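*Asks:* Return a 3D structure for these sequence lines:
(one chain, ligands or ions: 1)
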Amino acid sequence: MAEERTFSIIKPDATRRNLTGQINAMLEDAGLRIVAQKRIRMTTGQAEEFYGVHRERPFFNDLVAFMTSGPVVVQVLEGEDAVAANRKVMGATNPAEADEGTIRKRFAESIEANSVHGSDSRENAAIEIAYFFSGTEIVG
Ligand code: CMP
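*Replies:* Numbers count the residues shown, from 1 in each chain. So this is what the prediction gives:
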């Protein structure tokens, strides 16, 4: 087990329903510490670049439109095996497949409006964190 950091987004469907605090409580209960956090409105360019790996997928344009449809909360989470710990508490991408007790099972509205994003690897976590935060904004 290693202390590491991961990147998280609380998505527009969740900020619209005022769920930031409840989601943060679930992250903290899972052993993750929120070491950086800010509420932003993503631009279309930011969303397109952030989700660039999905550019050829049929849902790409809808995903970009959704992620820019309202405020998001971008976060850096720190803890033991933070990438895996966050993915576990988030639950499956499709809320219909998410386990009981996960954020997406509890709050997600659909596979698109699925309340949270979390990095899928340590390597991508470092890239995604650097995309939204400078080093001095992260206070461990
Ligand atoms: P996220 O973890 O943010 O990464 C890409 C996002 O695309 C994913 O969560 C979903 O919200 C969204 N998405 C929309 N449709 C699909 C789909 N059919 N398969 C996978 N992801 C999808």
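
*Asks:* where are the low-confidence patches of the protein?
*Replies:* 1 (pLDDT under 70).

*Asks:* Flag every residue of it that's near the ligand.
*Replies:* His54, Phe59, Leu63, Thr93, Ile111, Glu112, Asn114, His117 (CB under 6 Å from any ligand atom). Every C-beta, even on glycine, is put in place using the N, C-alpha and C of the backbone.

*Asks:* so the first one sits right up against Asp62, yeah?
*Replies:* The reference is to His54. No. With contact defined as CB atoms under 8 Å, His54 does not reach Asp62; the gap is 10.6 Å.

*Asks:* Could you report the distance from Leu32 to Val72?
*Replies:* 18 Å (CB to CB, to the nearest Å).

*Asks:* Can you name the residues in contact with stretch 6-23?
*Replies:* 27, 32, 39, 66-67, 69-77, 82-83, 86, 103, 107-109, 113-119, 122, 124-125, 128-129, 132 (CB atoms under 8 Å, 6 or more residues apart in numbering).

*Asks:* Pull out the buried residues from those.
*Replies:* 27, 32, 66-67, 69, 72-77, 82-83, 86, 103, 107-108, 113-119, 125, 128-129, 132 (16 or more other CB atoms under 10 Å).

*Asks:* Leaving aside the residues adjacent along the chain, what's closest to Asp62?
*Replies:* Counting by CB to CB, 6 or more residues apart in numbering, Asp62 lies nearest to Glu112, which is 6.3 Å off, once chain neighbours are set aside.

*Asks:* Show me the helices in the chain, by range?
*Replies:* 12-16, 20-29, 44-50, 60-67, 82-90, 103-107, 122-132 (DSSP state H).

*Asks:* Perfect, that will be all.
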